[in-house]
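A.B. asks: model the following, please.
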Amino acid sequence: MNIEADMNNECMGRALSLVADYYDTCKYGCEGNEGYRKSTDLGKLASCLGELAAAGIVDRERTVFADLGCADGRVNVLAGYFVKCSIGVEIDGEILAEYDRRRKELERLLTVAGLGRPPENVTLFRGSSLEPETFRKIGESTGFGFADIDLFYTYIILHDLFAKKIASESKPGALYLVYGFSRVLPRYEGLELVEPDVAGRGVAALYRAGR
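C.D. replies: From the prediction side, this is the model:
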């Protein structure tokens with residue numbers, strides 16, 4: 001029995017639960033006709049990422065992750081526990097500006113709980129996920145351009161436009177995790193449906209670029 005590994009897994013599980021619970025209390029964005037902009041259920045996403053990690057699909061030593069429409073960066077913080085580099089892109093500067101304040105509070109909560117700091121591998125950028133200039137800047141800052149990303153993520157918004165960009169510009173085998181679908185799944189030209197229901201949580205489907 002690897003006691004150290006078991007302890008590390010337990011601490012990570014507790015940290016992920018705390019991250020999910022904290023962000024679930026935080027609304028973000030501007031209230032409109034349909035209320036606040038919807039956000040990912042981080043508890044369910046943690047299960048999805050955990051399954052991908054167990055299958056060796058994502059790896060803390062090699063996987064470059066990008067959230068296309070990251071809002072306040074909550075998904076990037078969670079994904080940071082599973083990947084090498086967690087990149088977020090958000091066009092709304094007001095929403096993106098909430099990241100620093102909330103991260104500081106999360107850091108305080110994790111420290112009090114004896115669970116260390118949030119991942120340091122998170123980098124967020126303001127811009128459009130559909131514009132080449134955005135990823136040129138990301139490449140200059142992180143060393144990873146669009147064609148270097150292993151796993152793309154989005155919560156439905158503009159999912160079809162993102163799929164088209166990924167199908168034509170990503171590297172072969174790049175993955176696209178789309179959150180928010182349950183029974184009726186879209187089909188994207190140039191992308192293969194790999195898993196219609198990641199981790200059996202009824203929230204996310206996984207696609208792969210086939211070029």
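A.B. asks: where in the protein is pLDDT low?
C.D. replies: Within the chain, the ranges that satisfy pLDDT under 70 run 1-8, 27-38, 182, 211.
A.B. asks: show me where it has its helices.
C.D. replies: For the chain, the helices defined by DSSP state H occupy 3-24, 42-54, 74-79, 93-96, 98-112, 132-142, 159-169.
A.B. asks: closest to residue 208 out of these?
C.D. replies: Closest to residue 208 of these, according to C-beta to C-beta: helix 159-169, at 9.7 Å. No exception for glycine: its C-beta is placed from N, CA and C like everyone else's.
A.B. asks: now the angle between helix 132-142 and that closest one, please.
C.D. replies: With axes from the mean of the first three to the mean of the last three C-alpha atoms, to 10 degrees applied, the angle from helix 159-169 to helix 132-142 works out at 70 degrees.
A.B. asks: who does helix 159-169 touch, helix- and strand-wise?
C.D. replies: For helix 159-169, the packing partners by 3 or more C-beta pairs under 8 Å, 6 or more residues apart in numbering; DSSP states H and E come out as strand 151-155, strand 175-179, strand 191-195, strand 204-209.
A.B. asks: got a list of what the residue lying closest to residue 171 once chain neighbours are set aside touches?
C.D. replies: Spatial nearest neighbour of residue 171, excluding adjacent residues (C-beta to C-beta, 6 or more residues apart in numbering): residue 147 at 5.1 Å. Contacts for residue 147 (C-beta atoms under 8 Å, 6 or more residues apart in numbering) come out as 169, 170, 171.
A.B. asks: mind putting the helices and strands packed on helix 159-169 into CSV with distance to residue 115?
C.D. replies: Converted to CSV, the helices and strands packed on helix 159-169 look like this (distance: least, C-beta to C-beta, whole Å):
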stretch, distance to residue 115
strand 151-155, 24
strand 175-179, 25
strand 191-195, 30
strand 204-209, 25
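A.B. asks: any idea how far residue 9 is from residue 104?
C.D. replies: 27 Å (C-beta to C-beta, to the nearest Å).
A.B. asks: returning to what we had before: and among the helices of the chain, the most buried is which?
C.D. replies: Comparing these by mean neighbour count (mean count of other C-beta atoms under 10 Å), helix 74-79 comes out on top with a mean of 27.
A.B. asks: what's in contact with it?
C.D. replies: Contact with helix 74-79 is made by 16, 19-20, 23, 26, 39-40, 42, 45-46, 49, 65, 67, 70, 86-88, 102-103, 106, 118-119, 122, 124, 153, 155, as judged by C-beta under 8 Å, 6+ apart.
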